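Peer 1: compute the structure for the input listed below.
(one chain, ligands or ions: 1)
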Amino acid sequence: MFDKSKILPIASDHGGYELKEFLKKNLIKEGYKIKDLGTGSTESVDYPDYIHPLAKSVNEGIYEMGIIICGSGNGSQMTANKYINIRAALCWNEEQAYLCRRHNDANIISLPGRFIDFNTAVKMVNIFLTTEFEGGRHIKRVEKISRI
Ligand code: RB5
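Peer 2: Predicted coordinates:
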């Protein structure tokens, strides 16, 4: 369960900008404190320029969780998962958002802004932020992810 007194960072490229703005409004209404790391418009940008700063901050423990968005969700997820402490999950429905927390202890959700309904995205983010990691048999599996 994400602690609402903490700062929740969100970042996107132009492909995720509109969903970012929609989510931000909803999250603020629900009492979350949001740090918007850009982008600031639908003008074309390169997603790593916006995703790296968010992922690096979560990796270093500055933020506990984060939300990243691009057109497909793929580029954002790939960028974030370059960091050793990041488990970024590309999600496109509510069940995926639930499972990435329960089974994978994901600390970043990556959303495909051009492929999901915005109201579904709100529900997914809510699930992501309020679902606890199941632990148990999943602990050693999650630990093995970074063992290379
Ligand atoms: C931008 O056109 C698009 O490539 C980007 O938003 C994302 O889908 C990359 O993975």
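Peer 1: next one: the spatially closest residue to residue 31 that is not a sequence neighbour from the ligand, what distance?
Peer 2: Leaving aside its chain neighbours, residue 31 sits nearest to residue 4 (5.1 Å; criterion: Cβ to Cβ, 6 or more residues apart in numbering). Bear in mind the C-beta positions are built from the backbone N, C-alpha and C, glycine included. Per Cβ to the nearest ligand atom, to the nearest Å, residue 4 is found 29 Å from the ligand.
Peer 1: residues contacting residue 4?
Peer 2: Counting by Cβ atoms under 8 Å, 6 or more residues apart in numbering, residue 4 makes contact with 31, 32, 33.
Peer 1: out of the residues you listed, who has the most neighbours?
Peer 2: Of the contacts of residue 4, residue 32 is surrounded by the most neighbours, 20 neighbours in total, counting by other Cβ atoms under 10 Å.
Peer 1: so that one sits against residue 5, correct?
Peer 2: No - Residue 32 is beyond contact range of residue 5, at 9.8 Å (criterion: Cβ atoms under 8 Å).
Peer 1: residues in this structure within reach of the ligand, list them.
Peer 2: Counting by Cβ under 6 Å from any ligand atom, the chain comes close to the ligand at 13, 15, 47, 70, 71, 72, 74, 75.
Peer 1: can you pick out the most distant pair from the residues you listed?
Peer 2: 13 and 74 (11.6 Å; Cβ to Cβ).
Peer 1: so for the two, which sits in the more crowded spot?
Peer 2: residue 13 (26 against 13).
Peer 1: let me know the pLDDT of the more buried one.
Peer 2: pLDDT, residue 13: 98.
Peer 1: burial measure for the residue lying closest to it once chain neighbours are set aside, as a count.
Peer 2: The spatial neighbour of residue 13 that comes closest, neighbours along the chain excluded (Cβ to Cβ, 6+ apart), is residue 47 at 3.9 Å. Residue 47 has 24 neighbouring residues, counting by other Cβ under 10 Å.
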